[in-house]
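J.: Pasted the sequence and its predicted model underneath.
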Amino acid sequence: MIEFQLHTEATAPEASQPLLAKSRKAYGMIPGLHAVMAEAPGLLEAYQRAHELFMGSSFNKDELTVIWQSINVEHACHYCVPAHTGIAKGMKVDDAITDALRNETALPSARLEALRTFTLSVVRQRGDVDASAVQAFLDAGFTQRQILEVVLGVSQKVMSNYTNHLADTPVDDMFRPFEWHKAG
């Protein structure tokens, strides 16, 4: 496998330098994912912007976590599952939600389970979700806007999960306690 450089603000392409500075300011460090993405400034910028937009969606912290981690686990992302476990802890998401997502067990509410089911339908069916799955999502109390916001979340996670697979991004020290491997 090709080895990707983990860029710093000093080694990154010029267009990525302010993006990495933005990451450092936001996180107090440059996450490994961002250090890899810096090789392609457009990817890093798109990822950062998608993250900002998704954080500003109509989903609450628990729902954001369900969407992110459902996709991360489905894609078996060795980097994003631990990272989003740490992020969820920082957002004060109940460990029962995070554990259920990591272990692919039942979530503590039917509404969150409906969100995971719909998110996985979007991922697995590449957006070609049948009408009954869409209706089940709406019947769980979600909206048409949120159907499309799930697509935004999937888009963000495709950028990160695929990058991490291709680059075998090392898990950041702060997330190593949350190491994860897909069961089976």
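T.: Thanks, I have the structure now. Numbering: from 1, shown residues only.
J.: avg pLDDT for the host helix or strand of residue 111?
T.: In the assignment (DSSP states H and E), residue 111 maps to helix 110-124. The average pLDDT within helix 110-124 is 98.
J.: Any chance you could list what contacts stretch 58-66?
T.: With contacts defined as C-beta atoms under 8 Å, 6 or more residues apart in numbering, stretch 58-66 is touched by 54-55, 57, 67, 84, 87-88, 91-94, 97-98, 101, 107, 112, 115-116, 119, 143, 145-146, 149, 153. All C-beta atoms are positioned from the backbone trio N, CA, C, and that covers glycine.
J.: can you do 7 Å?
T.: Here stretch 58-66 makes contact (C-beta atoms under 7 Å, 6 or more residues apart in numbering) with 67, 84, 88, 91, 93, 97-98, 101, 112, 115-116, 145-146, 149.
J.: Give me the buried subset of those residues.
T.: Among those, those classed as buried by neighbour count (16 or more other C-beta atoms under 10 Å) are 67, 84, 88, 93, 97-98, 101, 112, 115-116, 146, 149.
J.: Show me which of those is closest to residue 183.
T.: residue 101 (12.4 Å; C-beta to C-beta).
J.: In contact with the closest one, which residues?
T.: So residue 101 contacts 66, 69-70, 73 (C-beta under 7 Å, 6+ apart).
J.: please redo it, this time with the cut-off set to 6 Å
T.: Counting by C-beta atoms under 6 Å, 6 or more residues apart in numbering, residue 101 makes contact with residue 69.
J.: give me the element it is part of.
T.: Following DSSP H and E, one finds residue 101 within helix 95-103.
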